[in-house]
Every structure is written in C-alpha cells, then in structure tokens.
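Return a 3D structure for these sequence lines:
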Amino acid sequence: MSTLQTFFKKKNIEISLKRYGIDALGAMAQGLFCSLLIGTIINTIGKLFGISFLLSPVATISGTEYTVGGLAMAMSGPAMAAAIARALQAPPLVLFSLVSVGFASNALGGAGGPLAVLFVAIITTEIGKMVAGETKVDILVTPLVTIGVGVFFSWLIAPPLGRLAMLIGNFIMWATELQPFLMGILVSVVVGIALTLPISSAAICAALQLTGLAGGAAVAGCCAQMVGFAVMSFKENRWGGLVSQGIGTSMLQMPNIIKNPRIWIAPILTSAITGPIATCLFRLEMNGAAINSGMGTCGFCGQIGVFQGWVDAVTAGTKSSITAMDWIGLLLISFVLPAILAPLFHMAAKKLGWVKDGDLTLEK
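Model (predicted):
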C-alpha cells in the first residue's frame, strides 16, 4: 500500500472529493463557458443585431455548416476535457490527448455528454499521468495510452452516463411542471446553494441538461444568491463588492459563511421565495443552453440564456412575441426581488443577533 501511495504522490494523483468534486467540476464549467456558452452568446448577438458575419456559415465540415458561434459550441467536449485535465495537473502530452477523448465522450454521451466527459476525463487523465514519463518513447506511449483508454471508456460508460443524466434531468423538469410551487422552491434553493459553494452549479445544470421551468427556478436561485449577497453586503464592500459578487460570483462569501453560517439565511430564504414566483407566476423558462441555468447573473449569462430561448421560440413559431410580462418577470426574478428581499431578511437576522456588521466583509 505504501508503494502505491508513493507512486501516486510521484504522479500527483490525489483521490479526493476536492480534486474531483470541486477542482475538476469547476474546470469543466470553465471549459463549457469558453465553448458552448460563448458560442451561444455569439449566436445571440448575431441574431439580436442582425450581424451577417455571425449568422453566415464560415466552415462546412462533412456537409454540416457552422457559424462562428457554432464552431465554438461544437468544441464543448474537447474544451471540457482539456480544462479537467489541466485542473488535475496533467502533463502536456496527457492534456493535449484529452482533446480527442473529450470529443469522443461528449459525442457518445448524447444530450448528457457533459456528465460523461466529467467521468471519462477524470479516469483517463489519471491513467495518462501514470504512464507519462515512464518510457524513453514518451511522445508515442503517452498519447497512445491516453487516447486509447479514453476512447475505450467513452465507448463503455459515456452512453449509460449520458442516459442517466438525461433521466435525472427529465425527472426534475417533469416534477417541476407537475408541482411548480414545491419544486420551484427545491430547485431554486439547491442550485443557488451549489452556486455559492466551491462547486459548479453551471456544470451540474449542464450535466443534467436542466432547462425549461426547472431551469427558470435554477436561474432564480442563483440570482438570489449573487444579487442578494452583493446588495446586502454593500455597506461593507461598496461598489467593488457589488460588481464582484453581483456579476461575478457569490462564492467569494464562502470564507465568511464558514465563520458564520447564519449570513447564508437571507439569500437562501430569498431563493425559496423567488423560485416559486418564477415557476408559478411568471412561468419563467430557461430554453437556452442548460449551462445558463446555473450561471445566475454571472456575466448576465442566465438572462442571456432566457432571452435566447425567447428568440428561438419566436423564430420557431411556438411563441408569438416577447412580451412586456416576459421582461418584467425576468427583471424581477433576476435583480429586483433579490435586491429587496435579501437585505430585509439580513436586517431581521441582525436584529435577532445572528449576524453583525463586518460579517460580510470580503477578504482583501
């Protein structure tokens, strides 16, 4: 056992929840952001402003035409896998080989491809690290082993993992349609908490392909955390904190949450209110890319995703037009209600002596 531990240490293989559940998952979200999400944003900008260059095909591959955004979206599998390999501190030959593995696992995983990429990329990267630098022909052995192992596991586990992710995601979305009030609370609170924790709510939503009404509840929960923390901590953190949390990430508050978990009460209660309002009153749906469901107001990606869904629905003829009520619902759920409710709940917590001034101050 000690020999194996020594070998793992030498190869920088750390089997831990942090390495796989936080570092790898967070990196996967970054890979998705730099491919699928950016591609979606580019397409949205092209449609919104009628930019012909962004709407016209720039490449044709095997009979399929791709726009600029389409090319970025097509590379989501390789981008996720390479990002995961980097987070696991893979040597260069392993990291570069993961590009092919990511393409294979994402393609074979179908709609649940991101979850397949996560598991396959982790397994493949660690095996690749084991063989890297062990022979005099490393330039041949490492890519051969890494790609061979990666494609094998893609063939073996990507399809069932993809189906599992879709089953879970479809169940959540079905349950939300069936019980929009209760599921609106549950999805909003859980995804909002995941956003603030050092894991990736965006990657979770993408892996489960969480869209529709459940996606709208997820957006509500994320916005409640981000805007809630940003506004209720304005006294301590001023404009810098407002921007860094409001359109950056509420994860910045994790050190303060560890010191005093009660500061989390206000955003969580806010998400429990805005979630069912989103699902029951405004019927807010996320029909853009699923990763947007877990982004909240980060770069306004949640709002861009909802808007993209509206545009696609109008184009497809399933929605007559984007109404004033659509915009009112999106603005209230994303910005107005979190900015009002979270500070009110925080004020009540202060009166009860649960939190005090300075508890929300961000580390410099």
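
Buried ones in the host helix or strand of Ile258, by neighbour count?
Using DSSP states H and E, Ile258 falls within helix 254-259. Of all the residues in helix 254-259, those buried under the rule 16 or more other CB atoms under 10 Å are 256-257. Bear in mind the C-beta positions are built from the backbone N, C-alpha and C, glycine included.

elements contacting the helix or strand just after it?
Downstream of helix 254-259, the next assigned helix or strand under DSSP H and E is helix 265-276. On a contact count with 3 or more CB pairs under 8 Å, 6 or more residues apart in numbering; DSSP states H and E, helix 265-276 meets helix 180-196, helix 212-232, helix 337-351.

pLDDT (mean, whole number) over the longest one?
By that I understand helix 212-232. Taken as a whole, helix 212-232 carries a mean pLDDT of 96.

Equivalent analysis for stretch 149-169, please.
Here the average pLDDT along stretch 149-169 is 93.

and Gly21, helix, strand or coil?
helix (DSSP: H, G, I helix; E, B strand; the rest coil).

quick one: it and Ile199 touch, right?
Yes. If you go by CB atoms under 8 Å, Gly21 and Ile199 touch, sitting 6.4 Å apart.

can you give me the strands in this structure?
59-61, 64-66 (DSSP state E).

Those: which one's closest to Gly150?
Between Gly150 and the strands of the chain, the shortest gap by CB to CB is with strand 59-61, which sits at 21.9 Å.

what pairs with that closest one, and is each one parallel or antiparallel?
The pairing partners recorded for strand 59-61 under DSSP bridges are strand 64-66 (antiparallel).

Surely Pro145 and Thr125 touch.
Careful, residue 145 is Val and not Pro. No. At 11.7 Å, Val145 does not count as touching Thr125 under the criterion of CB under 8 Å.

More neighbours: those two, which one.
Thr125 (30 against 21; other CB atoms under 10 Å).

The more buried one against Ser97, yeah?
No. Using CB under 8 Å, Thr125 makes no contact with Ser97, being 9.2 Å away.

In stretch 58-69, which residues are buried?
66-69.

What average pLDDT does it get?
90.

Span of it from start to end?
In stretch 58-69, first residue to last residue: 10 Å (CA to CA, to the nearest Å).

what's the neighbour count on Asp357?
For Asp357, using other CB under 10 Å, the count is 9.

Tell me how far it lies from Phe345.
16 Å (CB to CB, to the nearest Å).

just Glu126 next, same as before
For Glu126 relative to Phe345 (CB to CB), the value is 44 Å.

Which one's more surrounded, these two?
Glu126 (22 against 19).

which residues touch the more buried one?
Applying CB atoms under 8 Å, 6 or more residues apart in numbering to Glu126 gives the contacts 13, 88.

pLDDT at it, what is it?
At Glu126, pLDDT is 96.

same deal with Lys364?
Reading off the model, Lys364 has pLDDT 60.

can you list residues touching both of Thr125 and Ser97?
Joint contacts of Thr125 and Ser97 (CB under 8 Å, 6+ apart) are Thr146.

Go ahead and confirm Ile291 touches Met28.
No. In this structure Ile291 lies outside contact range of Met28 using CB under 8 Å: 9.9 Å.

Which neighbours do the two have in common?
By CB under 8 Å, 6+ apart, the residues touching both Ile291 and Met28 are Ala203.

Run a quick check on Leu362 versus Arg238, I expect a contact.
No. The criterion here is CB under 8 Å, and Leu362 misses it with Arg238 at 10.1 Å.
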